[in-house]
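Visitor: got a sequence here, can you model it:
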Amino acid sequence: MPIQDPEKQQIAQKHLLYLKICRKCGARNPISSDKCRRCRSKELRPKRRELKR
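Guide: Numbering: from 1, shown residues only. The predicted structure follows:
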């Protein structure tokens, strides 16, 4: 069931899409992080926000 309220949709997108992913272990980290919370690696990338085709 899709979210109809645009304000709630923005909040959901922020929590689901604005993350950093560790290149070593694949853990999800906050966007403000410098190191991985799981393996302490500094190899982080932003999560892709585009649809794959």
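Visitor: could I get the full set of helices for this structure?
Guide: The residue ranges that make up the helices of the chain, judged by DSSP state H, are 6-17.
Visitor: so which residues of it form strands?
Guide: In the chain, the strands defined using DSSP state E lie at 19-22, 28-30, 44-46.
Visitor: of the ones you listed, which stretch is the most buried?
Guide: Mean neighbour count (mean count of other C-beta atoms under 10 Å) peaks for strand 19-22 among the strands of the chain, with a mean of 18. (Glycine included, C-beta is placed from N, CA and C.)
Visitor: helices and strands around that strand, which ones?
Guide: Counting by 3 or more C-beta pairs under 8 Å, 6 or more residues apart in numbering; DSSP states H and E, the packing neighbours recorded for strand 19-22 are strand 28-30, strand 44-46.
Visitor: now what about that strand, what contacts it?
Guide: Applying C-beta atoms under 8 Å, 6 or more residues apart in numbering, the external contacts of strand 19-22 come out as 27-31, 33, 36, 38-39, 41, 43-47.
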